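Engineer: Here you go, sequence then predicted model.
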There are 2 protein chains.
Amino acid sequence: MADIKPIGKALFLREEELRRGIELMFFAYRDFTGEADSILAEQNMGRAHHRAIYFIGRNPGITVSELLAILNITKQSLSRVLSALVETGHVEQQTGPEDRRQRLLYLTKTGTELESRLTEVQGRRFARAYREAGMTAVEGFQKVLQGLLDSETQQQAGDVARSRPPRGTPDR
Amino acid sequence: MADIKPIGKALFLREEELRRGIELMFFAYRDFTGEADSILAEQNMGRAHHRAIYFIGRNPGITVSELLAILNITKQSLSRVLSALVETGHVEQQTGPEDRRQRLLYLTKTGTELESRLTEVQGRRFARAYREAGMTAVEGFQKVLQGLLDSETQQQAGDVARSRPPRGTPDR
DNA sequence: GGTTTTATGTCAGCCATGTTGACCTTAATT
DNA sequence: AATTAAGGTCAACATGGCTGACATAAAACC
């Protein structure tokens, strides 16, 4: 910001810098999801299952509507995945105690185990990257990713991080 | 690294920090690709087309094999997309001058225009995020994303950034 | 010079995951 | 009693991965 450079070169640098970001995002996201994808494939699941499991694990007792709001997909798409997860015993649905139309979602033991395994491999990757890059870099990383979000997402993303008060545990 | 904290809390913080990273990656990637996806949808294209266009634009004269190595998909998947792009006049294939089995890939004028448009929207998003976050943050961002890559990808990603010597322009 | 390897293409079919649209049920709210 | 909200279901379609099988042309090798 402080230095004044010849406009031509500044623009060139800027474009290169931006392209570098675009490419890094592509490669990093691919590799970041790759390991989890392999584990999921063993269980005949895909990324969609992973996302559902992840956010249910993060927000026990979340409603379908709330989950839809996080994932930004149609209820039909989510429904397919949820049915499969209930079928395979990874997710449990409980009728809402106050509003009985709602189905509150919880991970079962199996679901929790899978979630841990998946989060662990992804966590390891982050732990390595964070360790190598150092604390300052991590702050910058988070700051930039925050800035890449749509403004509507910035709300949500914060909410997830702040973690809704979980709606009780399923009585079993 | 330097500070010694009660193990319990340190682990809790660590896990929260890692989950924050995982979630930010998910949301940021989704929003980052969202705008481009809309533009592509207008033209009846998807992300796969975008990736091909992007990397051909970045490496004029790239061979199908090289492109496959970057994208990490099967030749059948790429072939489908490339055929479509040739059909719609976004990409041109030229038989390799030295090895005539190769088809060197180039963007046409139309292809270049689309590439610019797509890179521009994504670039704008990055430019905003970079500007808001500041130079130090950007460095950290790049460092962490680098660290998230598979080691094989680290090579490639560097190569793309360093940009192969382009193989001539198509003679028209 | 004949064999093997490489680059590429093509056809067919499968699967996961997104979409839209239509329609239904149940229950809370007004 | 009527409306709204939560949720499900069915059907159909598109995209973009995948595998497997097979074809062709040319380079490279022995």
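Structural biologist: Alright, I've got the coordinates.
Engineer: Stretch A:48-65 vs DNA strand D: in contact?
Structural biologist: Yes - in terms of CB under 7 Å from any atom of the strand, part of stretch A:48-65 sits within range of DNA strand D, namely A:Thr63, A:Val64, A:Ser65. Quick note: C-beta positions are derived from backbone N, CA and C, even for glycine.
Engineer: Next one: the nearest residue to the second one once chain neighbours are set aside from B:Thr153, what distance?
Structural biologist: Nearest residue to A:Val64 in three dimensions, chain neighbours excluded: A:Arg103, at 5.9 Å (CB to CB, 6 or more residues apart in numbering or on different chains). Taking CB to CB, to the nearest Å as the criterion, A:Arg103 is separated from B:Thr153 by 40 Å.
Engineer: any idea how far A:Ser116 is from A:Leu148?
Structural biologist: 28 Å.
Engineer: which helices and strands sit right next to the longest helix anywhere in chain A?
Structural biologist: When chain A is scanned for its longest helix (criterion: DSSP state H), the result is helix A:7-42. Helices and strands touching helix A:7-42, by 3 or more CB pairs under 8 Å, 6 or more residues apart in numbering or on different chains; DSSP states H and E, are helix A:47-58, helix A:109-133, helix B:7-42, helix B:47-58, helix B:109-133, helix B:135-148, helix B:151-162.
Engineer: Mind telling me which residue of chain A is nearest DNA strand C?
Structural biologist: A:Gly46 (1.5 Å; CB to the nearest atom of the strand).
Engineer: Flag the shaky bits of chain A, pLDDT-wise.
Structural biologist: A:1-13, A:157-172 (pLDDT under 70).
Engineer: one more time with 50, if that's ok
Structural biologist: Scanning chain A for pLDDT under 50 picks out the ranges A:162-164, A:171-172.
Engineer: near DNA strand C, which residues of it?
Structural biologist: A:44-49, A:51, A:72-74, A:76-77, A:80-81, A:99-101.
Engineer: Type out the ChimeraX command that picks the buried ones from those.
Structural biologist: The buried residues among the residues of chain A next to DNA strand C can be selected in ChimeraX (16 or more other CB atoms under 10 Å in any protein chain shown) with this line:
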select /A:45,48,49,51,81
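Engineer: Out of the residues of chain A next to DNA strand C, which sit inside helices?
Structural biologist: A:Arg47, A:Ala48, A:His49, A:Arg51, A:Gln76, A:Ser77, A:Arg80, A:Val81.
Engineer: wait, the third one sits on A:Leu40?
Structural biologist: Yes - shown here, A:His49 and A:Leu40 form a contact pair, counting by CB atoms under 8 Å, at 6.4 Å.
Engineer: Report the contact partners of A:Arg128.
Structural biologist: B:Gly147 (CB atoms under 8 Å, 6 or more residues apart in numbering or on different chains).
Engineer: Could you rerun that using 10 Å?
Structural biologist: B:Gly147, B:Leu148 (CB atoms under 10 Å, 6 or more residues apart in numbering or on different chains).
Engineer: tell me the secondary structure for A:Leu104?
Structural biologist: strand (DSSP: H, G, I helix; E, B strand; the rest coil).
Engineer: Now for it, how many residues are close by?
Structural biologist: 22 (other CB atoms under 10 Å in any protein chain shown).
Engineer: For it, give its distance to A:Arg80.
Structural biologist: 19 Å.
Engineer: ok, which residues in chain A are in contact with DNA strand D?
Structural biologist: A:63-65, A:75-76, A:79, A:82-83, A:93, A:96, A:99, A:101-103.
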